[in-house]
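**Student:** When you get a sec, could you give me coordinates for this:
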Amino acid sequence: MINNVSSRDFLKCAILDYDIVDVSTREKICEWMFYIIDKIGMQRETAIIAMNYLDRFMSTNTPRAKRARRNKREYHLVAFSCLYIAVKISEPIMISADAISELSNRKYSTEAILSCERRILTSLRWKLNGPTPFQFIDYMLQLLPGNGDALKLCTNARHQVEVAVHDAACVPLLRSTISISALLNSLDRVAEESMSSDDKIKFIRKISDVVGYDVEESLMISACRNRLISVDRQ
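**Tutor:** This is a model prediction of the structure:
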């Protein structure tokens, strides 16, 4: 599928390079992203998109990304700029760079946010519109047998995706891997009276046929599923 890209594990690189940005720093930024999106009444998917831009940019070897890995203030500026880009791409209502500057309590000027935005777009080579995990899930749910509880599956799977977005261990994974893992975990939670075992098996086979993941991907999905279950219980 189009632009199903993953991020190199920049957090592991940060440890090796004695950089400052670590798992805790990323987790706080992720929580902040969702808090801001909820506060201004936008889609939670926008926070997921912003975190995807942030992780991918931080995985590059550009001077700006290296500087951000060594400086929390710079990292926060990149995060604000990624949020600004994500809102422009995915929300019907435009928020100005000045409004983003206001969200930062003027720690970062409008000019700094716009300059950083340009660096991010160049580094990502303008690859901004690939399918999100939520879109993967919606696509796969079209394969659901007629009597399947699509709403419950979708709600549970989206929750699992948000767990993955918060979890630094999932940064290097493909979005399709996270989406399939989330949906399969959600499927396990659906009671027999809501969806029979036969229908579940048929659904899984349809996903396998359409998505076409290989043995290596199957092992990755299994590991991802276990990780999401473990983290979700914490």
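
**Student:** any idea how far the residue nearest to residue 95 when sequence neighbours are not counted is from residue 178?
**Tutor:** Excluding the flanking residues, the one nearest residue 95 by CB to CB, 6 or more residues apart in numbering is residue 87, at 5.0 Å. Every residue, glycine included, has its C-beta placed from N, CA and C. Distance of residue 87 to residue 178, computed by CB to CB, to the nearest Å: 22 Å.

**Student:** These two - which one has more neighbours?
**Tutor:** residue 178 (29 against 24; other CB atoms under 10 Å).

**Student:** tell me the contacts of that one?
**Tutor:** 133, 161, 164, 170, 224 (CB atoms under 8 Å, 6 or more residues apart in numbering).

**Student:** Go again with 6 Å.
**Tutor:** For residue 178, the contact set (CB atoms under 6 Å, 6 or more residues apart in numbering) comprises 133, 164.

**Student:** Next, work out how far apart it and residue 145 are.
**Tutor:** Applying CB to CB to residue 178 and residue 145 gives a distance of 24 Å.

**Student:** quick one, phi psi at the closest residue in space to residue 44 that isn't next to it in sequence?
**Tutor:** The spatial neighbour of residue 44 that comes closest, neighbours along the chain excluded (CB to CB, 6+ apart), is residue 37 at 5.9 Å. The phi/psi pair for residue 37 (degrees, to the nearest 10) reads phi -60, psi -40.

**Student:** what's the helix or strand for residue 185?
**Tutor:** Here residue 185 sits within helix 175-189, counting by DSSP states H and E.

**Student:** Can you identify the element that follows that helix toward the C-terminus?
**Tutor:** Defined by DSSP H and E, the subsequent element after helix 175-189 is helix 197-211.

**Student:** I'd like the average pLDDT over that following helix.
**Tutor:** What helix 197-211 shows for mean pLDDT is 85.

**Student:** between that helix and helix 175-189, how big is the angle?
**Tutor:** 180 degrees (axes from the mean of the first three to the mean of the last three CA atoms, to 10 degrees).

**Student:** tell me which residues of helix 197-211 are tucked away?
**Tutor:** Neighbour-count burial for helix 197-211, counted by 16 or more other CB atoms under 10 Å, picks out 199-200, 203, 207, 211.

**Student:** Tell me the one among those nearest to residue 56.
**Tutor:** residue 211 (21.9 Å; CB to CB).
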